[in-house]
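**Q** Provided below for reference: sequence and predicted model.
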Amino acid sequence: MKRLFAAVSAIAILTAVPVQAQDVDRVAVNRIIDQGLNHSEIMQTAAYLTDRIGGRMTNSPQMRQAEQWTQQRFRDWGLSNVRTEGFEFGRGWSIVRSSARMTEPRVLDLRVIPIAWTPGTNGVISGDIVVAPITSPGQFEQWRGKLRGKIVLLTRPDNGSEPTEPAFRRWTDEELAGRNTYVLPRNDPEAAERAARSGRADFAMRLDAFLVEEGAIAMVRMSQRDGGLLHGTGYTYQAGATPRTPGLELAAEDYRRLARLALTDTPPKLELMSEVQFHDEDVNAYNVFADIPGSDRSGEYVMAGAHLDSWVASDGAVDNAAGSAVVMEAARILRTMGVRPKRTIRFALWNGEEQGLLGSLAYVDRHLATRAPMSDAAAAALPNSQTWRARWPIQPREGHDDLVAYFNLDNGSGKIRGINAEGNVAAAPILQKWIEPFASMGATTVSLRPSGGTDHVYFQTVGVPGFQFIQDPLDYGSRLHHTSIDSYDHLRADDLRQAAVILASVLLSAANSDEPLPRMPLPTRPTASDPFAYPGGE
């Protein structure tokens, strides 16, 4: 069955809603533009996070350094109430060194990176390979008794991912116009419950247990992209849960070569070495916060955030030193101007985003709203992030209404082209007015589409207005995201300066508006509207 989507013109919706927005303070905008374009410090901030500190895995020594350094920068700029808030995460992990070499049928060095949170090899190990694509527990029996003493290649080799479109691009006017559609949500109230009980959350640990039981000496995965790019990404779903099998990722081209040779009369042998460190000194991860205090709207605040953590294959530049530097630069601009907003402006640098938006979820859970526990015992044992959407009802906390709006940056180094209103029809005209002064800089679009996958999501799930900016894609998704070339070289200085200027202005408008942004109704459990819809069907 084809999934049906209904789209309504956003323009028609916007003109039908009689919402008045307070005029933007264009004198303040002039000062923001001057400070953000002529006196910017954003690239110095980005360079320190990337070149100096490097990849910032949650609870790694590099992330601890980033937590301390960003707090000091906020203090240096004169922000108030600079602090951290901890939440339980688990052990940290970092790479010391790694190598891989094919020794038969010929000698060849291979491109490799350890998979996050897997143990090291305790020196150089060598062995025959077996290509055993395993993607579900149902495939374990197929490989039982065949893996002892072997290096197990877990990915099914494909035919490659040669690009068919330019790697670097900006949104065209036509593409931006195409975003102006309201997409009706799919009404499937059991979807979240099915996801929570699917068993996918703990598959990595069940696979590891199977490999240990069968006597495999290492597991190897294929990189998701061609071009020699590496990722090293791996997830921990429970604090302290650590695989026992050494894991490495090979460049796609190297992996496919091994898989082809495995089918010949000269199957390859490998030498692998992975030296890593675990860090158990503090199992808490820490979000970083700083404020510009409000003057006369007691308790109310607006907020901007980006995730400070990254993966480890490179320096985490576009994901997400870029967004973190924009948030920090907006804070510096407004504090340098000496603004006294009506509402407090809060700046957040999140931790644990790459493992499931854990830092922003911890903030929502602690300060904004809770959700009822799962009644199913197996689902209730899963981590909070795995079951959050499936738990009803939502219970707002005392501070729920104090947060007027949350704005998020996590789409790389591209300039801001607009903002996703996340289906909030009443807020859209106000957001349009707030970005209007920056039309000549390319920011024109307010889209009613929802966006996902980053730290505004959990704010939305408890009825707090949370928004993600629309940014030019550049080469973020095509080759940089989570890869071994995500370095400072790929940051666009002019784009980042533009983004910081727009963020600072939007925050000031939100902090000074006469009325808070309109809110969506507090979410309640959906009810099925189509009795003939097939659960999970397309």
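**A** Cool, the structure landed.
**Q** mind checking how far the helix of greatest length in the chain is from the chain centre?
**A** Using DSSP state H, we find that the single longest helix of the chain is helix 493-512. With C-alpha atoms, centre = their mean, to the nearest Å as the basis, helix 493-512 stands 21 Å off its chain's centre.
**Q** can you check stretch 366-378 too?
**A** For stretch 366-378, the distance to the chain centre is 22 Å (C-alpha atoms, centre = their mean).
**Q** list the buried ones in it?
**A** Neighbour counts over stretch 366-378 (16 or more other C-beta atoms under 10 Å) mark 368-369, 371, 374 as buried. For every residue, glycine as well, the C-beta is placed using N, CA and C.
**Q** Check stretch 95-104 too.
**A** In stretch 95-104, the ones that count as buried by 16+ other C-beta under 10 Å are 95, 98-102.
**Q** of the residues you listed, closest to residue 382?
**A** Ranked by distance to residue 382 (C-beta to C-beta), the buried residues of stretch 95-104 are led by residue 95 at 28.4 Å.
**Q** in stretch 335-347, what counts as buried?
**A** 335-337, 339, 341-347.
**Q** Just the ones of those residues in strands?
**A** Within those, residues falling in strands by DSSP state E are 344-347.
**Q** For residue 481, state which of these is nearest.
**A** Nearest member of these to residue 481, counting by C-beta to C-beta, is residue 347, at 24.0 Å.
**Q** Residue 354 versus that closest one, what's the distance?
**A** 20 Å (C-beta to C-beta, to the nearest Å).
**Q** And for residue 51?
**A** 20 Å.
**Q** Please apply the same query to residue 224.
**A** 15 Å.
**Q** How about residue 70?
**A** Distance, residue 70 to residue 354, by C-beta to C-beta: 17 Å.
**Q** Same drill for these two, tell me which one is more crowded.
**A** Ranked by neighbour count (other C-beta atoms under 10 Å), residue 70 and residue 354 place residue 70 first, with 25 against 22.
**Q** can you tell me which residues contact residue 51?
**A** Residues in contact with residue 51 (C-beta atoms under 8 Å, 6 or more residues apart in numbering) are 315, 488.
**Q** hang on, residue 446 in a helix?
**A** No: according to DSSP: H, G, I helix; E, B strand; the rest coil, residue 446 belongs to no helix; its state is strand.
**Q** State the pLDDT value of it.
**A** For residue 446, the pLDDT comes out at 96.
**Q** So it sits against residue 418, correct?
**A** Yes: if you go by C-beta atoms under 8 Å, residue 446 and residue 418 touch, sitting 5.8 Å apart.
**Q** Now do the shared contacts for these two.
**A** residue 435.
**Q** So for this structure, the centremost residue is which one?
**A** The chain has residue 454 as the residue nearest its centroid, 4.5 Å off, counting by C-alpha atoms, centre = their mean.
**Q** ok but it is inside a strand, no?
**A** No: assigned with three-state DSSP, residue 454 falls outside any strand and is coil.
**Q** For it, give me its contacts.
**A** Residue 454 makes contacts with 307, 353, 357, 408, 410, 468, as judged by C-beta under 8 Å, 6+ apart.
**Q** and if you look at residue 290?
**A** So residue 290 contacts 71, 74, 79-83, 331, 346-347 (C-beta under 8 Å, 6+ apart).
**Q** repeat that for 7 Å
**A** Residue 290 makes contacts with 74, 79, 81-82, 331, 347, as judged by C-beta atoms under 7 Å, 6 or more residues apart in numbering.
**Q** try residue 372
**A** So residue 372 contacts 391-393 (C-beta under 7 Å, 6+ apart).
**Q** follow-up on the earlier one: sort out which residues of the longest helix of the chain are buried, please.
**A** Here helix 493-512 shows 495-512 as buried, counting by 16+ other C-beta under 10 Å.
**Q** Which elements pack onto it?
**A** Applying 3 or more C-beta pairs under 7 Å, 6 or more residues apart in numbering; DSSP states H and E, we find helix 493-512 packed against helix 26-38, helix 42-47, strand 301-307, helix 322-337, strand 403-408, strand 416-420, helix 428-435.
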